[in-house]
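Peer 1: The sequence isn't on hand, but the structure is:
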């Protein structure tokens, strides 16, 4: 066996503890002892290749949890209690209004298609076009990707859908048809992933996704920072001199987490009450304003909003949504 082999280690140890003159170690060359310091390095190298034990630290995997929807039993009450506790000013608004109700009787795909049709239109015009669109699809059950893909741009234009919106509807349908999106995957996505995926669809921007997440999926912590109605409500609630910019909204409404969707809903109520109060006659209660008068106010706000290249939610959502959040327009 060659010099410095592992078999020499016991003999080297024996040379330390054996009596002087023992023949076992007498023949070991002196140079062999110079290799002793290098042995531990080899031993450490061998030991490091041993399999990890259960006690070895492991990297934690990031898990994104989908929050309970606001349509879950008791969730609205929990959200309201939280908002009362964290924001005394909002608590007064909560006391002055009935709590919101959340329901959705149509599929995510149907809801997204409907949101495209309602974009940048007055409520009456959008409702009329939507009714003709549903009839063209053969009824509510026919608003599905394959049916919309079978409709030509010319057919859609004949019922009042613009050429651009027709391309948006076809793009949404193609993404469903190709498996990029599905109702199941949309429901299962966390808020961040959902925002990224839906804004890939032509014609669906940040505002549309926020409205969809609140009104269809009932996600509890959505803050539509670009919504003019919510921003006006925050201005009124906190007595700000100007309407807050979208970049300021996150900080102003941070205390509402994790129920910013409900806080936003109450901001629409704040604006509605303010409009009623400003335009009601001196002899009439602030809440007795006619629906027609309110619609006129919304029409004027809509024109101003378009000029500012901003979107007022009251113009793009059915009127019934201002009372009860339901994409179907039913209470």
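Peer 2: Nice, thanks for sending it over. Because the structure is predicted, anything quoted here is derived from the model rather than measured.
Peer 1: and residue 241, how many neighbours?
Peer 2: Residue crowding around residue 241 was assessed by other Cβ atoms under 10 Å; the count is 5. In this view, the C-beta of every residue, glycine as well, is placed from N, C-alpha and C.
Peer 1: any idea whether it is helix, strand or coil?
Peer 2: coil (DSSP: H, G, I helix; E, B strand; the rest coil).
Peer 1: pLDDT value on it, please?
Peer 2: Note for residue 241: predicted pLDDT of 97.
Peer 1: Look up how far residue 162 lies from it.
Peer 2: In this structure, residue 241 and residue 162 are 38 Å apart, going by Cβ to Cβ, to the nearest Å.
Peer 1: One more: residue 247?
Peer 2: For residue 247 relative to residue 162 (Cβ to Cβ), the value is 31 Å.
Peer 1: So for those two, which sits in the more crowded spot?
Peer 2: Neighbours were counted for residue 247 and for residue 162 using other Cβ under 10 Å; residue 162 has more, 16 against 8.
Peer 1: which helix of the protein spans the most residues?
Peer 2: The helix that spans the most residues within the chain, counting by DSSP state H, is helix 260-279.
Peer 1: in it, what counts as buried?
Peer 2: 260-273, 275-276 (16 or more other Cβ atoms under 10 Å).
Peer 1: farthest-separated two in the residues you listed?
Peer 2: 260 and 276 (24.6 Å; Cβ to Cβ).
Peer 1: For residue 169, which three-state class applies?
Peer 2: Under three-state DSSP, residue 169 comes out as helix.
Peer 1: Quick check: the nearest residue to it once chain neighbours are set aside vs residue 171, distance?
Peer 2: Excluding the flanking residues, the one nearest residue 169 by Cβ to Cβ, 6 or more residues apart in numbering is residue 148, at 5.5 Å. Computed as Cβ to Cβ, the residue 148 to residue 171 distance reads 10 Å.
Peer 1: and if you look at residue 115?
Peer 2: 14 Å.
Peer 1: So the two - more neighbours on which side?
Peer 2: residue 115 (23 against 16).
Peer 1: How about the contacts made by that one?
Peer 2: 204, 208, 211-212, 316 (Cβ atoms under 8 Å, 6 or more residues apart in numbering).
Peer 1: Can I get these in CSV including neighbour count?
Peer 2: Output for these, formatted as CSV (neighbours: other Cβ atoms under 10 Å):
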residue, neighbour count
204, 20
208, 21
211, 23
212, 24
316, 23
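Peer 1: Which of those fall within strands?
Peer 2: Within the contacts of residue 115, no residue falls in strands by DSSP state E.
Peer 1: Show me which pair in those residues is furthest apart.
Peer 2: Pairwise over those, using Cβ to Cβ, the maximum falls at 204 and 316, 12.3 Å.
Peer 1: Give me the below-cutoff pLDDT ranges for the stretch 1-150 of the chain.
Peer 2: For the stretch 1-150 of the chain, the stretches flagged by pLDDT under 70 are 1-63.
Peer 1: need the helices for it, in chain order.
Peer 2: Assigned by DSSP state H, counting those that start in this stretch, the helices in the stretch 1-150 of the chain fall at 8-17, 23-26, 39-47, 75-86, 88-96, 108-118, 123-136, 145-150.
Peer 1: what do you get for the stretch 201-331 of the chain?
Peer 2: 206-215, 228-238, 246-252, 260-279, 291-307, 313-316.
Peer 1: any idea of the mean pLDDT for the third one?
Peer 2: Helix 246-252 shows a mean pLDDT of 96.
Peer 1: Determine the set of other helices and strands touching it.
Peer 2: helix 228-238 (3 or more Cβ pairs under 8 Å, 6 or more residues apart in numbering; DSSP states H and E).
Peer 1: thinking again about what came up before, from the contacts of residue 115, pick the one nearest residue 132.
Peer 2: The closest of these, once distances to residue 132 are taken by Cβ to Cβ, is residue 316, at 18.0 Å.
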